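Chemist: Sharing a sequence plus its predicted fold:
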Amino acid sequence: MSSAEAPGAAPALLAVLRERIGRHGPLRLDAFMSLALADPDYGYWHRGHALGAAGDFITAPEISQVFGEIVGLWAVSTWQKMGEPAPLRLIELGPGRGTLLDDGLRAAAAVSPAFVAAVAVHLIELSPVLRGLQARRLSARHPGAIAWHQSLAEVPAGPAIVIGNEFLDALPIRQLVFGDGVWRERMVGSDGRDGLAFELGDVAEFAGHAPACPGDVAEIRSGEDAILAALRHRAAPLVALFIDYGPAEPAYGDTLQAVRRHAYVAPLADPGGSDLTAHVQFAGLAAKARALGLISLGPMPQAEFFGRLGMAERAARLMARNPAAAQAIETAVKRLLAPAGMGSQFKVLIVTSPGLPTPEPFAP
């Protein structure tokens with residue numbers, strides 16, 4: 001797959017990548033993704049205008065305010081089950097424009113001012129542009145201090161609720177391709193012209209979850225190990241909510257995708273100019289959490305999770321208060337809950353420290 005057609009803003013990073021490949025040889029896929037997404041000069045995450053209808057993609061909090069409101073109400077319920085600790089570290093991983101927390105804190109304030117008073121907001125965000133958007137949006141909603149961090153490990157100790165919506169899918173992956181009885185690393189090299197191309201590298205040691213067939217692709221995401229380790233090292237009580245897309249059961253397959261202006265593009269075609277993601281392997285994530293001594297609940301389809309928490313009922317009340325917007329509200333919520341779309345493609349996994357009451361809606 002070539003990137004000879006790379007447009008616009010891509011040439012600067014493309015030149016950096018080609019120069020590095022020329023000096024050191026092909027890059028592992030996760031190294032390529034890290035540079036394409038997080039390079040401080042040309043990385044996609046530092047552009048800051050990717051979200052929304054005018055950007056490259058849209059996330060659930062931007063589709064409907066009800067999404068963030070339900071998450072906020074869930075956080076209140078979870079905090080109460082934790083024993084109402086104060087202060088509470090409310091941590092969001094990759095908060096985008098701050099929409100989810102803005103809606104969530106507004107809904108939380110209506111039912112529990114004590115929760116909002118107990119909250120100390122911590123945001124894990126690399127982009128200076130997005131940090132500015134988050135500050136402007138959340139400072140009015142939450143008068144207390146808002147702290148930004150490069151990683152979850154930097155957040156001070158203390159009871160915490162962690163929210164990661166469409167965060168894990170953006171963490172770089174390795175890909176291993178099966179053939180001739182062995183797994184080989186998928187690499188990114190030069191296409192011999194002006195672009196980039198995939199190629200196979202050295203044999204890699206890998207024990208798959210099931211017998212593999214020629215051409216099968218296994219995806220490994222080490223970044224989620226770092227997230228789980230940071231959760232494990234935090235003092236209890238802790239509850240983490242992950243919402244993302246991917247299979248509930250172990251699966252082989254090439255799920256790497258690039259998106260620009262709400263359309264799929266070739267993953268190597270526009271480094272730094274398109275969003276790169278891959279499906280979350282929820283079964284493996286849950287197993288790794290349990291291996292660290294954490295409690296893992298789910299995955300549960302998004303439609304079931306939000307359905308049990310009353311998304312449709314909350315949307316109906318919002319429609320009754322805003323008749324002129326009722327059709328738009330209904331359409332947005334149906335999109336989030338659609339059984340053949342986001343409702344089943346997206347899953348919810350909750351990870352907690354041991355000894356806590358089971359959070360909703362997993363509680364019996």
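Modeler: Noted; the coordinates are in hand. Numbers count the residues shown, from 1 in each chain.

Chemist: buried sites along stretch 248-268?
Modeler: Along stretch 248-268, these residues count as buried under the neighbour rule (16 or more other Cβ atoms under 10 Å): 248, 251-252, 254-260, 265-268. C-betas here are computed from N, CA, C, even on glycine.

Chemist: how about JSON lines for these, with distance to Glu166 and secondary structure added?
Modeler: Rendered in JSON lines, the data for the buried residues of stretch 248-268 read as follows (distance: Cβ to Cβ, whole Å; DSSP: H, G, I helix; E, B strand; the rest coil):
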{"residue": "Ala248", "distance to Glu166": "17", "secondary structure": "coil"}
{"residue": "Ala251", "distance to Glu166": "19", "secondary structure": "coil"}
{"residue": "Tyr252", "distance to Glu166": "23", "secondary structure": "coil"}
{"residue": "Asp254", "distance to Glu166": "20", "secondary structure": "coil"}
{"residue": "Thr255", "distance to Glu166": "14", "secondary structure": "coil"}
{"residue": "Leu256", "distance to Glu166": "16", "secondary structure": "coil"}
{"residue": "Gln257", "distance to Glu166": "13", "secondary structure": "strand"}
{"residue": "Ala258", "distance to Glu166": "15", "secondary structure": "strand"}
{"residue": "Val259", "distance to Glu166": "12", "secondary structure": "strand"}
{"residue": "Arg260", "distance to Glu166": "17", "secondary structure": "strand"}
{"residue": "Val265", "distance to Glu166": "19", "secondary structure": "strand"}
{"residue": "Ala266", "distance to Glu166": "22", "secondary structure": "coil"}
{"residue": "Pro267", "distance to Glu166": "18", "secondary structure": "coil"}
{"residue": "Leu268", "distance to Glu166": "22", "secondary structure": "coil"}
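
Chemist: quick one, what contacts the one residue sitting closest to the centre of the chain?
Modeler: Most central in the chain under Cα atoms, centre = their mean is Phe167, positioned 1.4 Å from the mean C-alpha point. When the contact criterion is Cβ atoms under 8 Å, 6 or more residues apart in numbering, the partners of Phe167 are Leu93, Gly94, Phe242, Asp244.

Chemist: correct me, but the second one touches Glu125?
Modeler: Yes - applying Cβ atoms under 8 Å, one finds Gly94 in contact with Glu125, separated by 6.8 Å.

Chemist: where does the residue nearest to the centre of the chain land on pLDDT?
Modeler: At Phe167, the model reports a pLDDT of 96.

Chemist: For stretch 123-134, the averaged confidence score.
Modeler: Regarding stretch 123-134, the rounded mean pLDDT is 91.

Chemist: can you give me the offset of that stretch from its chain's centre?
Modeler: Distance, stretch centre to chain centre, for stretch 123-134: 15 Å (Cα atoms, centre = their mean, to the nearest Å).

Chemist: what do you get for stretch 298-306?
Modeler: With Cα atoms, centre = their mean as the basis, stretch 298-306 stands 16 Å off its chain's centre.

Chemist: ditto for stretch 21-31
Modeler: Centroid separation between stretch 21-31 and its chain, computed with Cα atoms, centre = their mean, is 25 Å.

Chemist: again, but for stretch 95-112
Modeler: From the chain centre to the centre of stretch 95-112 is a distance of 18 Å (Cα atoms, centre = their mean).

Chemist: Which parts of it count as buried, going by neighbours?
Modeler: Neighbour counts using 16+ other Cβ under 10 Å place 95-109, 112 of stretch 95-112 among the buried residues.
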